[in-house]
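S.K.: predicted model, plus sequence, below.
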Amino acid sequence: MNIKQFVVNPFGVNCFVLSNDAGDAILIDPSVSNEREEEALTRYIEQNHLTVRHLLNTHLHLDHVLGNAFVARKYGVQLEAHEEDAFLLDLQEEQSQMFGLPMREPSPGLGNTLAEGDAVEVPGIRLQVFHIAGHSPGGIAFYCENPGEVNGQKAPPLLFPGDIMFAGSRGRSDLFGGDDHALVSGIKSKLLPLPDDTVVFPGHGPTTTIGDEKMWY
Ligand SMILES: [Zn+2]
Ligand SMILES: [Zn+2]
């Protein structure tokens, strides 16, 4: 598979485009917030002849959903995320004030719900869903156990945990139903048992590995 990362919007959200050799693409948190960011994303998709098959959100805090309306309309896909975060879509205006982040066109509602044990697939790419509450009630991490070659090189497992886990820290738990105890217990029971060499691509900031994050727990 190929992975392309964009850093978007004033909150520096990591947006990922995963694609296979046939050009099927999965977008994770494509939270583009202005025309320049929209253009960079669409240019990459066009130049690589990709067909967007899935629009995934790790969770529904405002900084991760800013591009949903644009992507859903442009590529004819529906939003997929965890049901327990759906209430956050009704609070986009409130989140905008709280985060001090201007709201664009509101995100559409959930088209498909993802729950623990589900998988999102295109040929050659399988993302397993872990539900870990605590940063938000419906936070999910996407795990790819066998990515094969990534950008031309044999790769270890990959994890996209949104704001559940960052390099050297974890998500805040003081917002909209956050719960640090649930967050830590979810990380310990579902993420830390993954192979040490699993490469973690968080929702903000640099990549890390499961092995490097173990020392914090
Ligand atoms: Zn968040
Ligand atoms: Zn975030």
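M.R.: Yep, it's here. These figures come from a predicted structure and were not determined experimentally. Numbers count the residues shown, from 1 in each chain. Ligands and ions are numbered 1, 2, ... in the order given.

S.K.: could you pull up phi and psi at the nearest residue to residue 68 once chain neighbours are set aside?
M.R.: Using CB to CB, 6 or more residues apart in numbering and skipping residues adjacent in sequence, the residue nearest residue 68 is residue 107, 3.8 Å away. C-beta coordinates here come from the backbone N, C-alpha and C atoms, glycine included. The phi/psi pair for residue 107 (degrees, to the nearest 10) reads phi -60, psi 140.

S.K.: ok, now which ones touch residue 107?
M.R.: 60, 65-66, 68-69, 79, 89, 92 (CB atoms under 8 Å, 6 or more residues apart in numbering).

S.K.: hmm, 10 Å instead?
M.R.: Applying CB atoms under 10 Å, 6 or more residues apart in numbering, we find residue 107 in contact with 31, 55, 57, 60, 62, 64-72, 79, 81, 88-89, 92.

S.K.: what does this protein put close to ligand 2?
M.R.: Neighbours of ligand 2 within the chain, by CB under 5 Å from the ion: 63, 163, 203.

S.K.: what about the nearest residue to residue 139 once chain neighbours are set aside, how many neighbours?
M.R.: In space, and not counting its chain neighbours, residue 139 is closest to residue 59: 4.4 Å by CB to CB, 6+ apart. Using other CB atoms under 10 Å, residue 59 is surrounded by 29 other residues.

S.K.: one step back: of all the residues of the chain next to ligand 2, which comes closest to ligand 1?
M.R.: residue 163 (3.7 Å; CB to the ion).

S.K.: need the contact partners of the helix or strand harbouring residue 73.
M.R.: Under the criterion DSSP states H and E, the helix or strand holding residue 73 is helix 68-75. Helix 68-75 is contacted from outside by 15, 25, 27, 29-33, 35, 37-38, 41-42, 45, 50-55, 57, 60, 67, 77-79, 81, 89, 104-109, 111, using CB under 10 Å, 6+ apart.

S.K.: returning to what we had before: for PyMOL, what selects the buried ones among the residues of the chain next to ligand 2?
M.R.: Buried subset of the residues of the chain next to ligand 2, written as a PyMOL selection, criterion 16 or more other CB atoms under 10 Å:
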select buried, resi 63+163+203
